Each structure stands twice: as structure tokens, then as C-alpha cells.
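*Asks:* generate a structure from the sequence data that follows.
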Amino acid sequence: MITKSYQVYPRCEAMSYAIARLRKLKRGNISGSASHTARERETPNADPTQKNIRFIGSLDPEERLEDLVLAKIAENEQRRKIRTDAVYCVELLLSASPSYFRPDCPTNAGYYEPQKLDDWVEATHQWLADEYGNRIVRAELHLDEATPHIHAYFVPLDDQGQLRCNHFFDGRQKIHEFQDSYYNTMRLIGLERGIKGSRAKHQDIKDFYRIVEEGRDLEVDELSAAQLKAKAADRDRANQRKQEMEATAKALSLENEQLRRRIAQLEQDNQSIKKLTEWSTDLALDDVAWELGLWRKGNEWVGGNHIINIDASQFTNFGNGSHFEGNDAIGLVKHVNQCNQVQAIAWLGERFGEVGAKRAASERSCSKSCG
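*Replies:* Just a heads-up that it's a prediction; the model follows:
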């Protein structure tokens, strides 16, 4: 049993409210909830410089929440087979109005008075122990968002150790009893209970962040000036997040456009290389030999260590006692210039281009017909 040593406060003049929400988790939802509360995935509006505190459960980062839940259920033999859609665990979300944690500046998101925080954490810890005992397998205090809050995981086992979520949270009346129970402890530190039967229906954790900023389930026209400022601060944070996302999207769009242009350029280059390759097959090897700086000597082209005999589209080099054969302009350029395929094609493009290639092809065709 935890000793109740927290300070008892009078009711806050600004009327701060205790907040208790819950979410029922089927087995397939447990890991997703755990990854959020343990900050294993990016969380909007969370300050990465602030550390959260796990005060129930192991600090081992490798320990899986799902394993804890299954182990707790396995402590007692289940008389009935657990249904595939059964609720294995209930996530409790507990907090208070911003005006409780920072009465002098409720709109200053992320700030809290240390003594107020300590008293609320101690009171909430006491309530969890009294209400649910060792069926709470994990609880974490989050300090990295606008207002301090606690995520606690309750395995809904009845007094006989049977998994029965409906025994605790079936219907609006039992939800109200859950909230009443939390309030009965929180009132000792000066917190109020939200109005029962409010027109707003926000019983789920998904509405928690709006509720924390407002203080309780109030319609907009019922909010105080401080609560309206808190809502405005939340809206400003949302707008800042939106602007950051838009800037990221714009940068990604620019990168995509640059990538698209690069791909288009590569495709164009590829087409040019393809065309040059096609042109090179039509080039007269005598023209290519001339451009390579060789000169005709009888039936051979010579220069440097090369003695090349050209016969239509075939060439043979007898220089230095070697014997090298080829059958196109690209091969001739690669051999004489000692370069690779791309460099040979580029060299041909510079010397002949499309017009020159067609001219060489035309001359070659003419020489064939006239011969």
C-alpha cells in the first residue's frame, strides 16, 4: 500500500478538472499503443528533449507490453476460451486541466509547477494501486507534451482472475463510475469533476488532447478566457506543425522534380548514344581512319604503330607484328584511341554528328554502287 502523503489543497479558484479517459485494446492493438507511449515512433507535438518516466513496470527497453499482458492473464486458468475479438488490456489516460499544473500561466504549454506535479503523480499512483492493484502492468508519466499526463495499462481480470472487460467498463454508467472513482481521490488535491451528462461525448483517448487544453467536456461558448487562450495556443502549435509538413512536402516535391529532370536527361542521353551507335555502323571506315589522323599508304592506313588494312566494313591492324580485327567504326576508334565504348561514341559524335554520319553513309553507299 502506498502511503498517502500528498498535500491536500483547497478547491482551485480557477476550477481545474480531473481528466480520466480509457481505450479498450484488443490483442492486435497492444503493440501499437505501446510504441506510441514508449516513444518508439514519431509523436507530433512531443518535445524530444524531455524525458518521460515509467513508474510501474520494468525499465527494460526489450520488454514487450503484449508479453506482460499475456503473462498476467496466464496467472489464472481461463474457464472459457478467449475470443479473438476480446479486450486484453485497457489503456487509462489520466491528467488534469492545464490550470492545475500551471495556475499562473495555463497557456504556457510544457511548463508545470514541480510541487503540483509531484502531488498529482502521487495521488494518481495511490489511486491506481487502490483501484486495480497488480493488474496495472505498466504506467508512464509523459512530460514531453503540452500538459503532464499518465498512460496506465490495466489487464481487466475480475476477482476470480477471469478476463472480463465488460465487468469494469460496459456502458456509460460504468464509465461514469470509473471517472467518479478517480475524482474522489483527485478532489483531495483540489481538482473538480467534469460535468456529468455534458452534451459533448468525449469518452475516448482520441479526444484527450483537446480535452486537456479545454479542461473538461465544455462547449466552446462555455470556455473561460484562459481556456480559450489554451485552445489558441494548441491551434498555433497545430499550424506550426502544418507549416513544417508543408515545407517538407515542398522540399520533397522539388527533389522529385529534380529527379524527374535527371531521368529525362538520362533518357535523352541514352537516345543520343543509341543514335550515335546506329550512325556509327553506317560510317565509312576510310573517313574514320582519316579523322583518327592516319594517312593512306597504298591500300593501308598508317600512323604511329598502326598498319591498318580496311576492306569495306572490316579492318585489320598488322602494326608491331600484331593481328587485330574489327568490323565497325566504334571498334576502330576504340582500338586506335585506346578508349572505351562511351568515349568512342562521343568521339564519333564530335567528329561526324548526325549530318556527317549520314554523309559518310551516303558516300559509302555511292562507292559501293559505283565500284
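*Asks:* any idea how many residues pack against Ile82?
*Replies:* The number of residues packed near Ile82 is 13, by other C-beta atoms under 10 Å. C-beta coordinates here come from the backbone N, C-alpha and C atoms, glycine included.
*Asks:* what sits against it?
*Replies:* Shown in contact with Ile82 (C-beta atoms under 8 Å, 6 or more residues apart in numbering): 73, 88, 163.
*Asks:* which one of these is nearest His306?
*Replies:* Using C-beta to C-beta, Tyr88 comes nearest to His306 of the contacts of Ile82, at 82.9 Å.
*Asks:* so who does the closest one touch?
*Replies:* Contacts of Tyr88 (C-beta under 8 Å, 6+ apart): 25-27, 30, 69-70, 73, 82, 155, 163.
*Asks:* quick one: distance of whichever helix or strand it is part of to the chain centre.
*Replies:* Taking DSSP states H and E as the criterion, Tyr88 maps to strand 87-96. How far strand 87-96 lies from its chain's middle: 25 Å, per C-alpha atoms, centre = their mean, to the nearest Å.
*Asks:* can you check stretch 127-137 too?
*Replies:* For stretch 127-137 - counting by C-alpha atoms, centre = their mean - the centre lies 34 Å from the chain centre.
*Asks:* quick check: end-to-end length of that stretch?
*Replies:* End-to-end distance for stretch 127-137: 15 Å, by C-alpha to C-alpha, to the nearest Å.
*Asks:* ok, stretch 82-92 next?
*Replies:* 22 Å.
*Asks:* then stretch 53-72?
*Replies:* 22 Å.
*Asks:* where does the prediction get shaky in the stretch 51-200 of the chain?
*Replies:* Across the stretch 51-200 of the chain, the ranges flagged by pLDDT under 70 are 194-200.
*Asks:* helices of that one, residue ranges please.
*Replies:* 65-74, 98-101, 114-132, 166-169, 172-186 (DSSP state H, counting those that start in this stretch).
*Asks:* could I get the ones you listed as TSV with distance to Val336?
*Replies:* Shown next, in TSV, are the helices of the stretch 51-200 of the chain (distance: least, C-beta to C-beta, whole Å):
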stretch	distance to Val336
helix 65-74	71
helix 98-101	82
helix 114-132	83
helix 166-169	87
helix 172-186	89
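*Asks:* so how far is His142 from Ile189?
*Replies:* Noted for Ile189: a distance of 19 Å to His142, by C-beta to C-beta, to the nearest Å.
*Asks:* what does Gln115 give?
*Replies:* Applying C-beta to C-beta to Gln115 and His142 gives a distance of 19 Å.
*Asks:* more crowded one of these two?
*Replies:* Neighbour count, other C-beta under 10 Å: between Gln115 and His142, His142 has more, with 20 against 10.
*Asks:* so what's that one bridging to?
*Replies:* His149 (DSSP bridges).
*Asks:* ok, now which ones touch it?
*Replies:* Per C-beta under 8 Å, 6+ apart, neighbours of His142: 37, 52, 148-151.
*Asks:* identify the farthest-apart pair in these.
*Replies:* Most distant of the contacts of His142, by C-beta to C-beta, are Thr37 and Pro148, 13.8 Å apart.
*Asks:* perfect, I'm done here.
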